[in-house]
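>>> predicted structure and sequence below. I'll ask about it afterward.
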Amino acid sequence: MLDRVLLGGTASPSLHPVRVASAVDEVSDRLLTAIAVGDFLPGERLPTERELTGLLRVSRPTVREAVGRLQALGVIDIRRGRNGGAFVRDSWSESSAAAVRRTLLPRRAEFEQLFDLRGLVEGMVAATAARRRRPEDLEPMREALAAHLGASTPREEQAADSAFHQAVCAATHNPQIARLSRDLLSRISLGFPIEPWGKGERSHHHRAGEGHTALYEAVAAGEPERAEEIARSHFMISAEMIREVLARVQGEETA
């Protein structure tokens with residue numbers, strides 16, 4: 001079931017040389033890996049139990065037990081009360097490397113295909129936005145760009161990044177294009193429609209800001225070819241972050 005969320009269709013047995021024992025194991029591994037690649041950042045609240053149930057298409061008891069495991073590992077804190085929930089403590093634990101190996105390594109070739117596909121699709125999104133954008137479409141992009149460039153925390157950066165790309169998708173004036181973009185993001189982010197954000201590395205933030213600025217200028221100027229080229233390059237940042245995490249776990253394995 002979870003394979004369909006990640007891979008966008010019927011699971012292929014050839015993609016699974018390593019199998020986990022249960023849905024609880026897999027949800028735990030997905031959450032640990034999502035935290036490791038920066039889908040969820042330290043200090044950030046995880047989606048609610050109900051939201052995780054819908055995103056991953058598993059039962060509430062499964063989610064509850066998986067979240068309990070992360071709490072026992074010291075990766076998250078559970079806070080009670082009106083503003084409570086499961087909050088990320090740290091992006092990496094002793095269990096993170098094993099979870100990444102089980103979750104990402106068996107699908108590495110598939111992920112490389114998804115990175116390639118995403119670059120092609122997001123290039124098409126940007127080119128279409130440059131052709132169809134209306135004057136009123138540019139203001140949300142400018143606001144999100146300013147928020148990203150002025151962000152003082154990784155969480156603020158991540159939120160502004162999401163708002164910027166949603167504004168670009170909206171400028172295509174085709175909800176199906178926006179849906180395709182969101183679906184691809186979910187597939188490379190383990191079922192969560194959240195852009196990987198690494199470990200708060202400022203070089204990534206700088207590159208993302210440059211990419212946003214250039215992409216906005218191309219869309220605003222109505223230059224589809226330039227917008228496509230910029231977007232295809234820009235979306236490789238997320239792929240590089242995931243590759244860095246894979247390289248880290250492989251390095252730890254051989255050390």
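Ah, there it is.

>>> and for Val67, nearest residue in space, chain neighbours not counted?
Once flanking residues are discounted, Val67 sits nearest to Ala86: 5.4 Å by C-beta to C-beta, 6 or more residues apart in numbering. Just so you know, the C-beta spots here come from the backbone N, C-alpha and C atoms, and that holds for glycine as well.

>>> and for the one you found, the neighbour number?
24 (other C-beta atoms under 10 Å).

>>> pLDDT wise, what is it at?
Reported pLDDT at Ala86 in the predicted model: 94.

>>> is it true that it touches Leu70?
Yes - contact status for Ala86 versus Leu70: in contact at 7.3 Å, counting by C-beta atoms under 8 Å.

>>> tell me, what's touching those two both at once?
Ile76 (C-beta atoms under 8 Å, 6 or more residues apart in numbering).

>>> and the residue nearest the centre of the chain, what does it touch?
Note on the chain: the residue nearest the mean C-alpha position is Glu195, at 2.8 Å, using C-alpha atoms, centre = their mean. Neighbouring residues of Glu195 by C-beta under 8 Å, 6+ apart: 39, 158, 161-162, 165, 185, 189, 238.

>>> now Leu114: how far from Arg107?
9 Å (C-beta to C-beta, to the nearest Å).

>>> again, but for Ser189
Separation of Ser189 from Arg107 (C-beta to C-beta): 13 Å.

>>> over to Gly81?
To Arg107, Gly81 is 38 Å away according to C-beta to C-beta.

>>> between the two, who's got more neighbours?
Counted by other C-beta under 10 Å, Gly81 and Arg107 do not tie: Arg107 has more neighbours, with 19 against 6.

>>> give me the low-pLDDT residue ranges for this protein?
Scanning the chain with the threshold set as pLDDT under 70 gives 1-21, 198-206, 252-255.

>>> other SSEs contacting the helix or strand hosting Glu228?
Glu228 belongs to helix 224-234 when elements are defined using DSSP states H and E. Contacts defined by 3 or more C-beta pairs under 8 Å, 6 or more residues apart in numbering; DSSP states H and E place helix 224-234 against helix 108-132, helix 202-220.

>>> would you mark the buried spots in the first one?
For helix 108-132, the buried set under the neighbour-count rule, 16 or more other C-beta atoms under 10 Å, comprises 110-111, 114-115, 118-119, 121-130, 132.

>>> what packs against it?
helix 154-170, helix 175-188, helix 202-220, helix 224-234, helix 236-254.

>>> can you give me how far the second one is from the chain middle?
For helix 175-188, the distance from its own C-alpha centre to the chain's C-alpha centre is 11 Å (C-alpha atoms, centre = their mean, to the nearest Å).

>>> ok, the fourth one next?
For helix 224-234, the gap between its own C-alpha mean and the chain's C-alpha mean amounts to 20 Å (C-alpha atoms, centre = their mean).

>>> could you check the angle that helix makes with helix 202-220?
With axes from the mean of the first three to the mean of the last three C-alpha atoms, to 10 degrees applied, the angle from helix 224-234 to helix 202-220 works out at 160 degrees.

>>> kindly report the same for the first one.
Taking the same axes, to 10 degrees, helix 154-170 and helix 202-220 form an angle of 20 degrees between their directions.

>>> now the angle between helix 236-254 and helix 154-170, please.
130 degrees.

>>> in helix 154-170, what counts as buried?
So for helix 154-170, counting by 16+ other C-beta under 10 Å, buried means 154-155, 157-158, 160-170.
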